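A.B. asks: Dropping a prediction and its sequence here:
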Amino acid sequence: MATETFEFQVEARQLLQLMIHSVYSNKDVFLRELVSNASDALDKLRLDKLRDDSLDADTSDLHIRIEVDKDARTLTVRDNGIGMSYDEVGRLIGTIANSGTAAFIEELKESDGEEDQVEGLIGQFGIGFYSGFMVADEMTLLTRRAGESAGTRWSSRGEGTYTLERVDDAPQGTAVTLHLKEADPENQLHDYTADWTVRQIVKKYSDFITWPIRLGAEDEPLNSMKALWARSRDEVTDDEYHELYKHVSHDWRDPLETIRLQAEGTFEYQALLFLPEHAPHDLFTRDYRRGLQLYVKRVLIMDDCEALLPPYLRFVKGVVDAADLSLNVSREILQQDRHILMIQRRLAKKILSSVKEMRTNAADKYATFWREFGAVLKEGLLSDVDNKDALLAVCSFESTDSAAGTGELTTLQEYVERMKDGQEDIYYLTGESRESIENSPQMEAFSARGIEVLLLTDPVDEVWVDAVPEFEGKRLRSVAKGEIDLDAQDGEQAGEEREKQAEEYAGLLDWMKERLADEVKDVRLSARLTVSPACVVSDTGDITPALQNMYRAMGQ
Ligand code: ADP
Ligand code: MG
């Protein structure tokens, strides 16, 4: 049959080049990626068969098999899973469907393929398959989609093009064959045709995979197949947890934090959750794939189960294994399921308490976490009323008391402890950057009096401050809204002074109000300025200029 040649989509080609030519040292991980894909394919077939018993596919002995050929210098990873159709191969292997890819690649190119950059880009775009080109100069893939009679052969040398060909007699599932480069141990390019090497790599990276991974003609699996969450805590190493994280998240980097949870009682479940170290670039877009893997007694029944996490924790990865759920429950039903909702609440609480603990016991980790995910977490102040206090306990902010550029942050609790005698409220100002906030005239009186002001620069800050009227009995007040009587804090003498001034300037104020009637609601004498002659403030209930901009950007 005819072989057709296609060009990789531009973005796919660029990512491929970046990876092949990078200095990425740990080349062994290509096998982890191919095994991970094979395992996903087996999970998918089992699920499809569960939903549709008439699907023409054999699910009696689902497994992964690795075969090596020393003479031909090839390594093959074979699965009898879901497979891909002709069109799917082109779409899934030849292109990268991810918004913002092009801009992100430009950024990466400028940083010339450093090790952790490569790890970042692979996780962001799900291009684990391409990692085969780190060790091979040619890859072929033979696949047949479950339920279809004909298969497809894909082949590429990792340069600009790939070929596709329809094949009549392809076995069920997918076989990926690598034509290996010469071994070069100095560059961590091992001899992957050696059984011993394969055995070791599988043990190290894929031991927890729940499908048997067989080598050559042997039936005895290389992996123990034990679900990590079902093993006792002290039996599992951090490295093992990290490999599971990489499998479920497709990230190549270690997680920042691993969280375990075991719920006993009438509705039993186990959860293994991970906080990533880096926020993905599409976290704030609709494309972002969120959710946890949902298992029922070690059997995966749903990937990306969104109902298990509230939206503001969408960056959390991991698995939940429940004892008592129907195997073929639908996504729609899960969204309403009482037990799932219970799990969601429990997980949210557990995640927030882990972050709090991190803040107390691992300040550096917490700082990384907050830098990457603080803006998402604050969305919870709007949506998760039950956890408002737990959220406020881990939120931290820049303030006029922390030196610019140091990244030093304060919690509301710490702010309150530092409040001056007589200060009743917690003051904040929102804006685009710390610099623009600090230079705004509204800040003058506060800096002159040495009153600390929180500097809020995330777009979401404009919104949550209205949902949190007070903290520990102290009102949260914008420096830019309404009338602020700082004199109460300056003592009585200042108060008398202000009354005298009010009388003195009454005429001027009336005149200004009349002249500016179309522009402003009111003209007042202000105690907040020390250098600037005047400033514009909003009414307490009005939306701020930055929020107006945000709504405009959202098309409202
Ligand atoms: P990711 O696994 O992060 O999606 P990969 O580059 O590893 O990215 O794989 C790309 C896609 O190719 C997968 O999402 C899957 O749809 C398809 N694929 C890869 N390997 C297999 C396989 N063995 N069986 C079926 N589909 C596969
Ligand atoms: Mg993959």
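C.D. replies: Thanks, I have the structure now. Ligands and ions are numbered 1, 2, ... in the order given.
A.B. asks: since we're on the residue of the chain at minimum distance from ligand 1, how many residues are nearby?
C.D. replies: Of all residues in the chain, residue 126 sits closest to ligand 1, at 2.7 Å by CB to the nearest ligand atom. Just so you know, the C-beta spots here come from the backbone N, C-alpha and C atoms, and that holds for glycine as well. Neighbour count of residue 126, defined by other CB atoms under 10 Å: 16.
A.B. asks: Please identify the residues of the stretch 151-300 of the chain in proximity to ligand 1?
C.D. replies: Contact residues (CB under 6 Å from any ligand atom) of the stretch 151-300 of the chain with ligand 1: 174, 250.
A.B. asks: rewinding a little: and the pLDDT at the residue of the chain closest to ligand 1?
C.D. replies: If you check residue 126, the pLDDT there is 71.
A.B. asks: any idea how far it lies from residue 132?
C.D. replies: 14 Å (CB to CB, to the nearest Å).
A.B. asks: And what about the most centrally placed residue in the chain, helix, strand or coil?
C.D. replies: Centroid-nearest residue in the chain: residue 315, 3.4 Å away (criterion: CA atoms, centre = their mean). Under DSSP: H, G, I helix; E, B strand; the rest coil, residue 315 falls in the coil class.
A.B. asks: same deal with residue 58?
C.D. replies: coil.
A.B. asks: what's the helix or strand residue 374 falls within in contact with?
C.D. replies: In the assignment (DSSP states H and E), residue 374 maps to helix 363-377. For helix 363-377, contacts defined as CB atoms under 8 Å, 6 or more residues apart in numbering pick out 256-257, 275-279, 283-284, 312-315, 355, 358-359, 391, 394-396, 407, 409, 458-460.
A.B. asks: Could I have the PyMOL command that selects the buried members from these?
C.D. replies: Filtering these down to the buried ones (16 or more other CB atoms under 10 Å) takes a single PyMOL command:
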select buried, resi 256+257+275+276+277+278+279+283+312+313+314+315+355+358+359+391+394+395+396+409+459+460
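A.B. asks: re earlier: may I have the residues that are in contact with the residue nearest to the centre of the chain?
C.D. replies: 275, 276, 279, 280, 283, 290, 372, 373, 376 are the contacts of residue 315 under CB under 8 Å, 6+ apart.
A.B. asks: Between these, which sits nearest ligand 2?
C.D. replies: Comparing these against ligand 2 with CB to the ion places residue 280 closest, at 15.2 Å.
A.B. asks: circling back: could you check how far the residue nearest to the centre of the chain is from residue 292?
C.D. replies: Residue 315 is 11 Å from residue 292, by CB to CB.
A.B. asks: do residue 507 as well
C.D. replies: 67 Å.
A.B. asks: higher neighbour count, the two?
C.D. replies: Each of residue 507 and residue 292 has its neighbours counted (other CB under 10 Å); residue 292 has more, 27 against 9.
A.B. asks: In this structure that one contacts residue 308, no?
C.D. replies: Yes - the criterion here is CB atoms under 8 Å, and residue 292 meets it with residue 308 at 4.6 Å.
A.B. asks: Spit out the residues that contact these two alike.
C.D. replies: Contacts common to residue 292 and residue 308, judged by CB under 8 Å, 6+ apart, are residue 320.
A.B. asks: For residue 440, which residues are in contact?
C.D. replies: Here residue 440 is in contact with 429, 431, 480, 535 (criterion: CB under 8 Å, 6+ apart).
A.B. asks: List the buried residues in stretch 339-351.
C.D. replies: 340, 343, 344, 347, 348, 350, 351.
A.B. asks: So what touches it?
C.D. replies: Contacts of stretch 339-351 (CB under 8 Å, 6+ apart): 259, 261, 263, 267, 269, 271, 273, 275, 307-310, 313, 316, 320, 322, 324-325, 334, 384, 386-387, 390.
A.B. asks: Ok, stretch 463-472 next?
C.D. replies: In this structure, residues lying in contact with stretch 463-472 by CB under 8 Å, 6+ apart are 378-379, 381-382, 388, 392, 412-413, 416, 426, 428, 430, 456, 475-476, 478, 547.
A.B. asks: Kindly check the end-to-end length of it for me.
C.D. replies: 20 Å (CA to CA, to the nearest Å).
A.B. asks: Contact residues of the protein facing ligand 1?
C.D. replies: So the chain meets ligand 1 at 33, 37-38, 41, 79, 81-84, 92-93, 126-129, 174, 250 (CB under 6 Å from any ligand atom).
A.B. asks: again, only this time at 8 Å
C.D. replies: Counting by CB under 8 Å from any ligand atom, the chain comes close to ligand 1 at 33-34, 36-38, 40-41, 44, 77, 79, 81-84, 88, 92-93, 125-131, 141, 143, 173-174, 176, 250.
A.B. asks: Write a PyMOL command that selects only the buried members of those.
C.D. replies: Remark: buried members of those, expressed as a PyMOL selection using 16+ other CB under 10 Å:
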select buried, resi 33+34+36+37+38+40+41+44+77+79+81+82+83+84+92+93+125+126+127+128+129+130+131+141+143+173+174+176+250
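A.B. asks: Wait, residue 229 touches residue 269, no?
C.D. replies: No - judged on CB under 8 Å, residue 229 makes no contact with residue 269 at a distance of 9.5 Å.
A.B. asks: Between these two, which contacts overlap?
C.D. replies: By CB under 8 Å, 6+ apart, the residues touching both residue 229 and residue 269 are residue 321.
A.B. asks: Looking at the stretch 251-400 of the chain, which residue is nearest ligand 2?
C.D. replies: Residue nearest to ligand 2 within the stretch 251-400 of the chain (CB to the ion): residue 252, separated by 10.4 Å.
A.B. asks: Doesn't that residue lie inside a strand?
C.D. replies: No - counting by three-state DSSP, residue 252 is not part of a strand but coil.
A.B. asks: Apart from its chain neighbours, what residue comes closest to the residue in the chain positioned nearest to ligand 2?
C.D. replies: Ligand 2 sits closest to residue 128 of the chain, with a gap of 3.4 Å, by CB to the ion. Take residue 128 and drop its neighbours on the chain: the residue closest to it by CB to CB, 6 or more residues apart in numbering is residue 33, 3.5 Å away.
A.B. asks: Make sure the one you found is indeed in a helix.
C.D. replies: Yes - counting by three-state DSSP, residue 33 falls inside a helix.
A.B. asks: contacting residues around it?
C.D. replies: Taking CB under 8 Å, 6+ apart, one finds 128, 129, 131, 132 in contact with residue 33.
A.B. asks: Could you tell me the per-residue confidence at it?
C.D. replies: So, for residue 33, pLDDT stands at 95.
A.B. asks: likewise residue 161?
C.D. replies: The confidence metric pLDDT takes the value 93 at residue 161.
A.B. asks: same deal with residue 100?
C.D. replies: pLDDT recorded at residue 100 is 65.
A.B. asks: and if you look at the one 4 residues further on?
C.D. replies: Reported pLDDT at residue 104 in the predicted model: 71.
A.B. asks: what do you get for residue 524?
C.D. replies: On the pLDDT scale, residue 524 is placed at 77.
A.B. asks: Burial check on it, number of neighbours?
C.D. replies: Neighbour number of residue 524 under other CB under 10 Å is 14.
A.B. asks: and it, helix, strand or coil?
C.D. replies: Following three-state DSSP, we place residue 524 in the coil state.
A.B. asks: ok, the residue lying closest to residue 139 once chain neighbours are set aside - how many residues close by?
C.D. replies: Spatially, and ignoring its direct neighbours in sequence, residue 139 is nearest to residue 132 (5.0 Å; CB to CB, 6+ apart). By other CB under 10 Å, 24 other residues sit near residue 132.
A.B. asks: Residue 132 contacts residue 30, correct?
C.D. replies: Yes - using CB under 8 Å, residue 132 is in contact with residue 30, at 5.1 Å.
A.B. asks: Now do the shared contacts for the two.
C.D. replies: Common neighbours of residue 132 and residue 30, using CB under 8 Å, 6+ apart, are residue 178.
A.B. asks: Check which helices and strands the helix or strand that contains residue 261 sits against.
C.D. replies: Secondary structure from DSSP H and E places residue 261 in strand 257-263. Packed against strand 257-263 by the contact rule (3 or more CB pairs under 8 Å, 6 or more residues apart in numbering; DSSP states H and E) you find helix 238-249, strand 269-275, helix 338-361.
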